Each structure stands twice: as structure tokens, then as C-alpha cells.
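>>> Sequence first, predicted coordinates after that:
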Amino acid sequence: MPIITSEQRQLINTAYDPHLVREMGQHVAQSLADHLTKVQSATGPVLNWQDPPHFIAAATEQLAKGDVAQQSLDPQDLILRFDQLIQQSLASGQNLHHPHYVGHQVPASVPLAALFDAATTLTNQVMAIYEMGPWATAIERAVVNRLGQAMGFAAGQFGGLITSGGSLANLTALLTARNVALGDSWTHGLAARSPAPVLVAHAEAHYCVTRSAGILGIGTEQVVRVPVDADRRMDPNQLDEILTDLRSRNIPIVAVSAAACATPIGAFDPLPEISDVCRRHDVWLHVDAAHGGAACLSDKHRHLVAGLELADSVVCDAHKMMFMPALCAMVFYRNQEHRFATFAQTAPYLFDPSAPGMAEYDNGMINLECTKRAAAMGLWGVWSMFGQQLFEAMVDTTFGLGQWFYELLKEQPDFQPFCQPECNIVVFRYLPDKLQNSTPAEIDRFQLELRRAVVKSGDFYLVQTILDGRSYLRTTIINPLTTEDHLQTLLDTLRTHGENIL
């Protein structure tokens, strides 16, 4: 009796047919090229807004169509169906490559990176152990080494890894710091420790730092916030006072978490001064450089991250200012041996005791993920094709536009920038004459309503933030194809929608 029916075998064979992959691949390449041509020319909406229930229903409907009995396996019918699904997806998403996208810290990724990613995605290269993804492992090691040296770490002395996103990267680095600082915490936990340990962090650290404290058993209420200076950078003098006080009370300190740059306005902490303080108090220094770490690749802007090489651990997201598709987040350790302090487990079915030297290359030894996608393929491919100068050009372009936009805002009587930016994050408010006699609460509410109206219109995509209790509009210029003209149009768009609201 056959294991499966002839219909089931035909279904499987069709799904794995290389010829069908070639045909559909050609169709999707054309569709993607047409999509990029359209959105990069600022045609159509930035965000294809629909209420969530509408999109969920539409996606569910397509699943139901796939379950229809006796569906055609004719190649032409499948290609038509494939085209329909691709076109619906492209018409229903967020268009990051639209030059009017100035929202969250997610870039218009280099399109060619996706083609490199496709090679490892199709062949399903995974990386728990070297032998499951040998070339993917080699690529990851190569890009980690190259970027780590660009940051200033000493070749052959530092180590690193790639993981899925800045939140997981920060968690991994802070777990390592906890295990180094607190010795047996991996095996015995923290419940019996008295006094309870603390994590010291930038007052405006990304929320994932506090989340990490909760996950690691430190506790969110055990995060000690370091006040910022007038430029919203961590104040080294106040950090020194905090660490002095904690040490005097024998309170264990897991780490100090600094930022390069902090999310609200893109402020870069003074890392050399912070490092001096941490070393005097023998405290692990971690730097969340998820957004700003790539400034090390720019001669013009690398001064912003001076001192990264002094940190014990650093996080940098290639899917931010290296303009890669998500997710590709890197963790660096100044001392390469520290990467083995994160976990202390054995898995005989994975790690081969007959080849202990391979542990150096088995990602599962140092990474929270076991099955891990080959996230570095796109970065390696683009870097190999265009060199470091492409990343430098994109950093210089977007950081430079941030400064230009700030100067433009200063010239407008109805706009108020919050501060001069250090990078491509610019925060401001729109204050038309009609708001002159309004209360602070009314002005704050107007900023939020204005932002929502613009986003739903599809004209631009920007976000909001709250600073010192007040509402502001916030832009991240993270598409290197955005120009000065587009930013001028943003102001005109805000004025038009603001007039409709008022």
C-alpha cells in the first residue's frame, strides 16, 4: 500500500519544482522592480492604511482559497495565483523605499541585499552548528570581524555574533554581563542574593533594556536611571556618584548601559568619560549602539561613537544605519572569551564531542537562538560588491539631511525644532498662529492628531514622541533617496493637514 496518494505526491512535487521556482522568480523580480520604480519616485501612498480587521479578513480569505479542493496545479494557473498574492502584498504594506517615509528607525534597505538573502533562505541555511551552515557561519564571522575592527576593537582579541534584532542583542549582551558580574547566577539564579543586584542605565534607554532586566531576573524596578545632561546624554559625573553610592552599600552592579544613540532624539553618550567611570568602579560597560554604531564607518561622523572600543559589549543593528533588511543585529565583546560566558549548557545531539575545536564556530554555544537564519548574507554581499564606502555614503547622506532639516525648521516661524540633531533623528512641533492662545494640553493633542491625519492620508509617514511631558513630532531620515525637496514638502503637508484639523 503506498504511503501517500498519487495526488499528494503530485502536490509535493509541484511545490518543489525548480522550473516553477524559475518562472515565479522571474515574475517576482519584475514585480519588485516595478514596485521600487513606483515608490522611489514618490508615487502613491507611503503607508497603505486599512483598519486591522480589514487586512486580517483579506489575508484570511486568501488562505481559504488555498484550501479549495481540486485546485489547479497547472503551472500557468499557479503563476497567475502567485502574481495575485505578490501584488496584493505589495499593495497592502508599508513602503519604506518611498522618500516620504521618515518614521521609525527602519531603513529603505539596499534592494540587492534581499537577493543575496534569497539564496540562503531558499536553501534554508541554519546556524546552530557549523556543519549545518558552514558558509553562513563564515560570512557571519567575516562581517563581525570587519565591523568590529572598524569600531576600534583589537583584531584577534574581540568576539561577536549576529542575532535577531536589537532587543535580543541587548538581552544577550546583558545576560553575559550578569553572568560575569554575578558569578554563579546562571546556575543558582538571583533569588537568594541580598542585597538585590541592579542594572544602571541611561535615563532614556530603549525599553528593551528595562525588558532585559525583567527577563534576566534583575527586575524592572532594579534599573537605576542615570540623569542626562542638557544635551540628553548620560552625565558621567552623576554616573560616578551613583556607582560610588552603590559600591558603598555593597549593592551588586550588573552593568552600566549607555547609548549611541538614545532613541528619543538620537543623543550620543560621551563614551570615553563613561568608560573611565566604569573602570574606576570595576563595572561592565555595555553600549546600545543599535542605531548609531554604523557611524564608525564614516570619516565625517565617527567621532560620535569614539570610545566604542572601550566598552565590554556593544550592540549594532545592520538593519538600521547599514540599510540591511531586518533582522541583522550584532553583539560585540571586547574580550572574545566573554562570548562563552552567556550560556553554560550541553546538547550532545548538536555539539560533536569528537571535534571539540568546532565549538569555536558553533553559533549555538553563544547565541540564544538554536535554529538561526543566515542573517549576514545580504550584508556580506552588499559589502563585497560596493565596499565600506557605500555605508559611509548612506550615513553621511542621512545624517547630513538631519542637519539640513533642522536648519530649515529654524527658519520657519510656525515650526519649532526641539534641539540640533547629532544624527538623522529630528524632533519638532508645528505651531501655527491659530494655536497661539491654546493650552499646552491642546497643543500636545494637536501634534498627535496632526500626525495621525498625515499617516492615514498616505502623504508621509512620521512618528511621535513625548519629551519632558510634551508631545512632539519625530522624524528619522532613513531613506538615502529622500531629498531636501521631499523634506520641504513634508512641512507643506503638515500645514495643509493642520489647517484641516483647526
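Great, that's in hand. Quick caveat: nothing in here was measured; it's all calculated off a predicted structure.

>>> which other helices and strands contact the helix or strand hosting Gln389?
Per DSSP states H and E: Gln389 is located in helix 388-411. Using 3 or more CB pairs under 8 Å, 6 or more residues apart in numbering; DSSP states H and E as the contact definition, the elements that helix 388-411 packs against are helix 377-386, strand 415-417, strand 425-430, helix 484-501. C-beta coordinates here come from the backbone N, C-alpha and C atoms, glycine included.

>>> Relative to the whole chain's centre, how far out is the second one?
Computed by CA atoms, centre = their mean, to the nearest Å, the chain-centroid distance of strand 415-417 equals 27 Å.

>>> Strand partners (parallel or antiparallel) of it?
Here the strand partners of strand 415-417, with direction, are listed using DSSP bridges: strand 425-430 (antiparallel).

>>> Would you mind pulling the contact partners of the strand it pairs with?
Where contact means CB atoms under 8 Å, 6 or more residues apart in numbering, the residues beyond strand 425-430 that reach it are 105, 261, 263-266, 291, 402, 405-406, 409, 414-419, 421, 443, 446-447, 450, 465, 467, 471-477, 494-495, 498.

>>> Surely His206 touches Asn170?
Yes - look at His206 against Asn170 with CB atoms under 8 Å: they come within range, at 7.4 Å.

>>> Show me whatever sits in contact with both of those two.
Looking at what touches both His206 and Asn170 (by CB under 8 Å, 6+ apart), the common residues are 288, 290.

>>> Of these two, which one has the most company?
Per other CB atoms under 10 Å, whichever of His206 and Asn170 has more neighbours is Asn170, with 26 against 22.

>>> that older thread, just the buried residues out of the contacts of strand 425-430, in ChimeraX syntax.
Those of these that meet the burial criterion (16 or more other CB atoms under 10 Å) are gathered into one ChimeraX selection, given here:
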select :105,261,263,264,265,266,291,402,405,406,409,414,415,417,418,419,421,443,446,447,450,465,471,472,473,474,475,476,477,494,495,498
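
>>> Name the helix or strand for His316, please.
In this structure residue 316 is Cys, not His. With DSSP H and E as the test, Cys316 turns up in strand 313-317.

>>> Give me the buried stretch members for the helix holding Gln389, please.
Of the residues in helix 388-411, those scored as buried under the neighbour-count criterion (16+ other CB under 10 Å) are 390-392, 394-399, 401-402, 405-406, 408-409.

>>> Which segments of this structure make up each domain?
The record, using automatic domain parsing to delimit domains, assigns the chain the ranges 6-94, 153-359, 390-501.

>>> what about the second one, how long is it end to end?
It stands for domain 153-359. Length of domain 153-359, first residue to last, CA to CA, to the nearest Å: 23 Å.

>>> do the first one as well
End-to-end distance of domain 6-94: 42 Å, with CA to CA as the criterion.

>>> The chain should start at 4 in everything you say after this.
New numbering, starting at 4: the last item is domain 9-97.

>>> and it, how far from the chain's centre?
For domain 9-97, the distance to the chain centre is 27 Å (CA atoms, centre = their mean).

>>> which stretches of this structure have low pLDDT?
By pLDDT under 70, the weakly predicted segments of the chain are 72-73, 348-360.

>>> wait, Asn482 sits on His107?
No - here Asn482 does not reach His107: they are 11.9 Å apart, not a contact under CB under 8 Å.

>>> what about those two, which has more around it?
Counting neighbours by other CB under 10 Å for Asn482 and for His107 shows that Asn482 has the greater number, 28 against 16.

>>> Not counting sequence-adjacent ones, nearest residue to the more buried one?
Ala111 (3.9 Å; CB to CB, 6 or more residues apart in numbering).

>>> so the one you found, which of the three states?
When the structure is reduced to helix, strand and coil (DSSP: H, G, I helix; E, B strand; the rest coil), Ala111 reads as coil.
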